[in-house]
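A.B. asks: this is the structure alone, sequence omitted:
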């Protein structure tokens, strides 16, 4: 059980890396108006934004699960050029500046967008400036995290289980739901958690595509941005809440579900 | 491997110290924090004044927060006096704040005014998608004042974080109308402007001040206030002082 000793210079760099993550958090904690946390928490603006953020990020994760798992399955079963192209397309939102994603969503689903224009003309349906738009923006930006995680899980899956199920006469859907999905549970869970965390923090695509209206599209990150100047204390408290929620979820899920050692 | 890592660390440290030594010398590059609505005239001014400047255009409230949280800049141009005072009260101004332009509000609508909007009161029509700037943004505060003067209650679809975002939502056709500055409508070219009568309108006072002791900052401010600078502002739809 002897662990290889990590060379000192690497330890030093690791410490520097950790510090780089910790210092901004320390700044937030140091500047937090602890005396006012209770009051800010009880403020109706805070509650409204938190409620909306929870609803939107969880819905976005749900949508990502429904659409993302099949997408990952397709990705894991294709090869060559097609796979490279498909994978590049599905992971594009991870590297795209979120504001660009928001503009792209407008051009597709806005009142003059590719899909949005016919929808508007036929049914008077408008997606921008609605909670639906917020969920769509979050899904767009966050779903790749789930797809990547699930695809990774699928690729490292021992295919013999599926083959055995098929040899015993199970058909495609049954193999998927009874064998593949249960085996994938850790990958799905870790992907869903990452996806949810990304959705919770989404700002750029949301403000561009969904706008900013308390109770309808103003999620916590947007509320933080608006409050930063008018009520800095409120902004700090909201940031702390986001931080605490994310940290608690990531830590508590780590051992049980994420499959990280 | 380790040696490379250590070498790159030393390199980084050298780069950082180099950067700070450059900052103390007179560098021509000027950093200007300017209200989002000022982008068209300021981009022109920088070309004519032959100064090397980089701009941070954003809602005045965002710039104010950045400055009071310690962002480094040389010039601050605000779309109202209130935020300039906040920065002044934080002890950040290195010279007097001067009003250098005025602006008025206008209703921005789609080209050809497809929804037939003629007054502020029309904005309260049901089914109309109206976008305003957030009340923390100067343009949003002015819009609230104008709507109050007109006695109109509007249910906005969104409260944008910069006046330029309001303009874009109208230009893209996502919003039917928005309240922006006269200068925004003039320089955008993608929307039509519906004038708001003086009795309901609000005059925005734009003020400028140095936030560093560099001479280039003073020179930039002097150019903005010069007849040449004022002509550019007037050409972009602002009112001279």
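C.D. replies: Perfect, thanks for sending it. These numbers come from a predicted model, not from an experiment.

A.B. asks: which residue does chain B have closest to chain A?
C.D. replies: Residue nearest to chain A within chain B: residue B:158 (2.7 Å; C-beta to the nearest C-beta). Where you see a C-beta, it was placed from the backbone N, CA and C, and this is true even at glycine.

A.B. asks: give the bridge partners for that residue, please.
C.D. replies: Per DSSP bridges, the residues bridged to residue B:158 are residue B:131.

A.B. asks: residue contacts, it?
C.D. replies: Residue B:158 sits next to A:129, A:210, A:211, A:212, A:213, A:217, B:131, B:132, B:169, B:175 when contact means C-beta atoms under 8 Å, 6 or more residues apart in numbering or on different chains.

A.B. asks: and for the fifth one, nearest residue in space, chain neighbours not counted?
C.D. replies: With sequence-adjacent residues excluded and distances taken as C-beta to C-beta, 6 or more residues apart in numbering or on different chains, residue A:213 is closest to residue B:158, at 5.2 Å.

A.B. asks: okay, that neighbour: pLDDT?
C.D. replies: At residue B:158, the model reports a pLDDT of 97.

A.B. asks: can you report how many residues lie near residue B:82?
C.D. replies: Counted with other C-beta atoms under 10 Å in any protein chain shown, the neighbours of residue B:82 add up to 15.

A.B. asks: and the pLDDT at residue 187?
C.D. replies: No chain specified, so I'll use chain A. 92.

A.B. asks: chain B was what I was after
C.D. replies: 89.

A.B. asks: does residue A:84 count as helix, strand or coil?
C.D. replies: With DSSP: H, G, I helix; E, B strand; the rest coil as the basis, the three-state label of residue A:84 is helix.

A.B. asks: what does the stretch of helix or strand residue B:64 belongs to contact?
C.D. replies: According to DSSP states H and E, residue B:64 maps onto helix B:60-68. Residues from elsewhere that reach helix B:60-68, judged by C-beta under 8 Å, 6+ apart: A:225, A:228-230, A:232, B:33-36, B:56, B:58, B:73, B:76, B:78-80, B:83, B:86-87, B:90, B:92, B:134, B:136-138, B:161-162, B:211.

A.B. asks: hmm, try it at 6 Å
C.D. replies: A:228-229, B:33, B:35, B:78-79, B:83, B:86-87, B:90, B:92, B:136-138 (C-beta atoms under 6 Å, 6 or more residues apart in numbering or on different chains).

A.B. asks: tell me the mean pLDDT over that helix?
C.D. replies: Mean predicted lDDT for helix B:60-68 stands at 92.

A.B. asks: so how far is it from its chain's centroid?
C.D. replies: Computed by C-alpha atoms, centre = their mean, to the nearest Å, the separation of helix B:60-68 from the middle of its chain amounts to 11 Å.

A.B. asks: cool, and stretch A:28-35?
C.D. replies: Distance, centroid of stretch A:28-35 to centroid of chain: 27 Å (C-alpha atoms, centre = their mean).

A.B. asks: wait, does that stretch contact chain B?
C.D. replies: No. Stretch A:28-35 does not reach chain B (C-beta under 6 Å from any C-beta of the partner chain); its nearest approach is 9.7 Å.

A.B. asks: pull up the distance across that stretch, start to finish.
C.D. replies: 14 Å (C-alpha to C-alpha, to the nearest Å).

A.B. asks: with stretch A:111-126 instead?
C.D. replies: Termini of stretch A:111-126 sit 6 Å apart (C-alpha to C-alpha).

A.B. asks: now do the helix or strand where residue A:52 lies: which elements does it pack against?
C.D. replies: Using DSSP H and E, residue A:52 falls within helix A:44-77. Applying 3 or more C-beta pairs under 6 Å, 6 or more residues apart in numbering or on different chains; DSSP states H and E, one finds that helix A:44-77 contacts helix A:131-155, helix A:181-200, helix A:220-230.

A.B. asks: where among those helices is the average confidence lowest?
C.D. replies: Among the helices and strands packed on helix A:44-77, helix A:220-230 scores lowest, with a mean of 87.
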